[in-house]
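S.K.: Would you be able to build a 3D model of this:
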Amino acid sequence: MIKIKNEEEIKLIRKACEVTKLTLEMLKKEIKPGVTTKHLDKLAYDFILSKGCKPAFKGLYGFPGTICASVNEEVVHGIPSDRVLEEGDIISIDTGAVYHGYYSDAARTFPVGKIDSDKKRLIDITEKSFFEGVKNIKAGSYVGDISSSVQKFVEKNGYSIVRELTGHGVGKELHEDPSIPNFGVKGSGARLNKNMVLAVEPMVNMGNRNVVFMPDGWTCKTLDGKPSCHYENTILITENGIEILTL
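M.R.: Predicted coordinates:
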């Protein structure tokens, strides 16, 4: 069931989203060659607590980290570890905060030192695909309007969309209805109403769209070993458009 949020709930979600935004901004400054993903996870954990929130991911469904740290061909849900980041890597960091029982969710893909032009373009197109997806969205639009716009933009630029994982509603739970695929048909799916809160999150592969899930039960990688990017924001549907709460 899709839950419409009241003004008090939106206020709490807004606070959680602000902390998630600040967490990602802080981590961006710490990402460099020689740093471990576990170190970044600890920084995020301490930072979120310092802002009066709880980490949204830690312990959720058994996930061990505060952040999902997915490097290069890892699409999403990479577990923080002693892995050392190297010059030329890219890392997708997905994280969230909980404030008084309400969740937020956002992701960015960052370069580690200097990266090649192919990886830079992949990051750029993935981010732009999010904005293409939501640019004409308002109350009365459909989930499929987002899905279709993301897919068309990504494929027009020569990349592929991951289909096994989707965006979602956000509220008292991290994952609420509706699911928001990054592919689909305009005018299809759930109708969007004022005060719905959604996480829209394109996952874009440099090669083909096929993925494989690792034995750890979490990490999703590209089947062909080519890089993947992830970009996500929590948004609020309004009468006349959207508000991006994690920017």
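
S.K.: okay, CA-based contacts and neighbour counts for the rest of this
M.R.: Noted.

S.K.: ranges for the helices of the protein?
M.R.: 7-30, 37-50, 117-134, 143-156 (DSSP state H).

S.K.: other SSEs contacting the last one?
M.R.: Which is helix 143-156. helix 117-134, strand 160-161, strand 176-180 (3 or more C-alpha pairs under 8 Å, 6 or more residues apart in numbering; DSSP states H and E).

S.K.: One more: the second one?
M.R.: In terms of contacts (3+ C-alpha pairs under 8 Å, 6+ apart), helix 37-50 is packed against helix 7-30, strand 54-55, strand 67-71.

S.K.: other SSEs contacting the shortest one?
M.R.: Pointing back at strand 54-55 there. If contacts are counted by 3+ C-alpha pairs under 8 Å, 6+ apart, strand 54-55 sits against helix 37-50, strand 97-99.

S.K.: Can you name the residues that contact the residue lying closest to Ser81 once chain neighbours are set aside?
M.R.: Setting aside the residues directly before and after it, Ser81 is nearest to Lys38 in space (C-alpha to C-alpha, 6 or more residues apart in numbering), at 4.7 Å. Residues in contact with Lys38 (C-alpha atoms under 8 Å, 6 or more residues apart in numbering) are 80-83.

S.K.: of these, buried ones?
M.R.: Pro80 (16 or more other C-alpha atoms under 10 Å).

S.K.: is it possible to export the contacts of Lys38 to JSON lines including distance to Asn205 and pLDDT?
M.R.: Compiled in JSON lines, the contacts of Lys38 are given as follows (distance: C-alpha to C-alpha, whole Å; pLDDT from 0 to 100):
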{"residue": "Pro80", "distance to Asn205": "21", "pLDDT": "98"}
{"residue": "Ser81", "distance to Asn205": "23", "pLDDT": "98"}
{"residue": "Asp82", "distance to Asn205": "25", "pLDDT": "98"}
{"residue": "Arg83", "distance to Asn205": "22", "pLDDT": "97"}
